[in-house]
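Enquirer: starting from these lines, generate the structure:
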Amino acid sequence: MTESIRRSGEYESFENPYFQGAQQQASSPVNPEWPPPPAYQPVAQTAQTAQQPVVEPTAVWQTAPGAGDGHGGGSGPEAPVAAEPAPRKKRTRGPLALLAAVAIVAAAIGGGTAYGIQELTGKDQVVSSSTTTSVVPSSKTGDVASIAAAVSPSVVEISATLSNGSSTGSGVIITSDGEIVTNNHVISGATSIKVSTSDGKTYTAKVVGTDSKKDLALIKLENASGLNPATLGNSDGVQVGDEVVAIGSPEGLTGTVTSGIVSALNRDVTVSTDESQQQQQQQGDGSGNWPFQFGGQQFNGDTGTSTTTYKAIQTDASLNPGNSGGALIDASGNIVGINSAMYSSASASSSSDAGSIGLGFAIPINTVKSDLASLRAGGSDS
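Expert: Okay, the predicted model is just below:
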C-alpha cells in the first residue's frame, strides 16, 4: 500500500472552503494557485437573472455542523431558508394629522385678517387690527374711493329724539349683530334712537353704556344681523401728515366722505359732561353742533361748568355738524378715531352758517378700545 504523505498544515484551512468565515481563511496558508472560495453558493446567471435587482434580505443560507476529515470534505449547503421580512413601520396618523391641521389653521390665521377669526369662531366680536392690516387692497392704499367703498357700509346715521328737541350724528358698527360706537353727546338724554345704515335700512337702537368723561357711548340695534363691522386700527401708530378719510352724516347727509391729513396729535379738547347743557345745545335745530373748548376758547357754544378733557387727533378733513360719532380712517381702511368736535366760526344760534374751516378733532380709537368693556357693562355713568 502506498501511504499518503501530507505536509503538516497544508490543507488544514480548507475543511469547509465554501462556508467558513473570512477571518478563518485569512489565518491559514492557502495554495496561491487555487481561487478563493465564493461567499455564497455559485449560481449560473442567465440574462434574466442578471437583470433582476438585488433585494436584501432574500434568504439565509444554513449549513450543517462540519463533519470533514481534514481533506476538504464536509457537509454541503442546505436549501435556503427565507428570512422573515422586516416589520413595517406603522404610520402615526393621530398626532401628525392633528399637528398638520393646527398648522393649517395657524397659517390661515397668520396670513389672514380678523374677519377670518370671527368666521372660525362663529362669534360676534369686535374686529381689531394693528396698522399693518389693510382693509383695502395694498395696491389701493390711500385711494379715497376704495376706502369709501370698503368702510361706508360700517358707518351709520343716528337720529335721537330728546324730551325737548332732537339730535343727529353718526356711528361706527363694530360687530355684525349691531353694536355701534358713537359720541355720548349724540345720544345723551334721548327718549328714542333710530339708526339708518348705508343700504337704507332703519333700526331701533337702545343705549348699552355711556362714558361722558370720554364723550363715548355704545348703542345696540334691535333685531340686527349680518352687518359690516369696521376694522379698528391702532391710533398709537398715527403720525402728523398721515392721510385720513372722514365718513359721516353732516347735516343729515348720510354717507358723506371727506379727506385730509392728520394735522396734530394729543390736542387737549374739553367738552361738557352736563346732560342738561347737552340738551340745551342740541334742541331745536338738530345740528348736533357740539360745544367744546380748545386753547382756552369756547367753540360752538358754552360748555358749561361741568367739563372733561381728553387727548384728540386733530385733522383738516372737513367735519361738519352731524359728523360727530363718525369714522376717521387711515390710508389702509382702519378706523383710527371717532370724530367728536369741529370748530365753527358761527355760533350755535346761527348754525346754518356754520361750516368746517379745517379744524376737527377725533377721539383716538385706542381710547375707544380700552373703554369698550366698561361701555358694554353700562359705562362709567351708570
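
Enquirer: shaky segments in the stretch 101-250 of the chain?
Expert: In the predicted model of the stretch 101-250 of the chain, residues 101-125, 127-133 satisfy pLDDT under 70.

Enquirer: show me the strands in it, by range?
Expert: 127-128, 155-162, 165-173, 179-182, 190-196, 202-211, 216-221, 231-232, 243-248 (DSSP state E, counting those that start in this stretch).

Enquirer: strands paired with the longest one, and their directions?
Expert: On the basis of DSSP bridges, the sheet neighbours of strand 202-211 come out as strand 190-196 (antiparallel), strand 216-221 (antiparallel).

Enquirer: hmm, who's touching that strand?
Expert: Residues outside strand 202-211 that contact it (Cβ atoms under 8 Å, 6 or more residues apart in numbering) are 158, 178-180, 184, 187-188, 190, 192-197, 216-224, 371, 374-382. For glycine as for every other residue, the C-beta is placed from the backbone atoms N, C-alpha and C.

Enquirer: dump the residue contacts of residue 376.
Expert: Contacts of residue 376 (Cβ under 8 Å, 6+ apart): 208-209, 218.

Enquirer: circling back: winner for burial among the strands paired with strand 202-211?
Expert: strand 216-221 (a mean of 25; mean count of other Cβ atoms under 10 Å).

Enquirer: and the angle for that one with strand 165-173?
Expert: Using axes from the mean of the first three to the mean of the last three Cα atoms, to 10 degrees, the inter-axis angle of strand 216-221 relative to strand 165-173 is 80 degrees.

Enquirer: other residues contacting strand 216-221?
Expert: With Cβ under 8 Å, 6+ apart, strand 216-221 has contacts from 158, 171, 177-184, 186-188, 193, 195, 203-211, 227, 338, 363, 367-368, 371-372, 375-376, 379.

Enquirer: in this structure, which strand has the most residues?
Expert: Among the segments of the chain that qualify as a strand by DSSP state E, the longest is strand 256-272.

Enquirer: sheet-wise, list the partners of that strand with their directions.
Expert: When DSSP bridges is applied, strand 256-272 pairs with strand 243-248 (antiparallel), strand 292-294 (antiparallel), strand 307-315 (antiparallel).

Enquirer: just those strands: most buried one?
Expert: Taking mean count of other Cβ under 10 Å, strand 243-248 is the most buried of the strands paired with strand 256-272, at a mean of 25.

Enquirer: who touches that one?
Expert: By Cβ under 8 Å, 6+ apart, strand 243-248 touches 142, 144, 147-148, 151-152, 155, 169-170, 255-262, 315, 317-319, 322-331, 336-337, 339, 360.

Enquirer: filter those residues down to the buried ones, PyMOL style.
Expert: To isolate the buried ones among these in PyMOL, judged by 16 or more other Cβ atoms under 10 Å, type:
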select buried, resi 147+148+151+152+155+169+170+255+256+257+258+259+260+262+315+317+318+319+322+323+324+325+326+327+328+329+330+331+336+337+339+360
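
Enquirer: okay, the strands of the stretch 101-250 of the chain in a markdown table with distance to residue 356 next?
Expert: Supplementary listing: the strands of the stretch 101-250 of the chain in a markdown table, determined by distance: least, Cβ to Cβ, whole Å:
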| stretch | distance to residue 356 |
| --- | --- |
| strand 127-128 | 29 |
| strand 155-162 | 18 |
| strand 165-173 | 15 |
| strand 179-182 | 19 |
| strand 190-196 | 22 |
| strand 202-211 | 26 |
| strand 216-221 | 22 |
| strand 231-232 | 25 |
| strand 243-248 | 10 |
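
Enquirer: closest to residue 305 out of the ones you listed?
Expert: Closest to residue 305 of these, according to Cβ to Cβ: strand 202-211, at 19.5 Å.

Enquirer: next, the angle from that closest one to strand 155-162.
Expert: Using the same axes, to 10 degrees: strand 202-211 against strand 155-162 is 80 degrees.

Enquirer: tell me where this structure has helices.
Expert: For the chain, applying DSSP state H gives helices covering 22-27, 47-51, 94-111, 114-121, 144-151, 184-187, 275-282, 365-376.

Enquirer: what about the first one, average pLDDT?
Expert: In this case it means helix 22-27. For helix 22-27, mean pLDDT is 49.

Enquirer: buried residues in stretch 259-273, which are they?
Expert: 259-260, 262-263, 267, 269-273.
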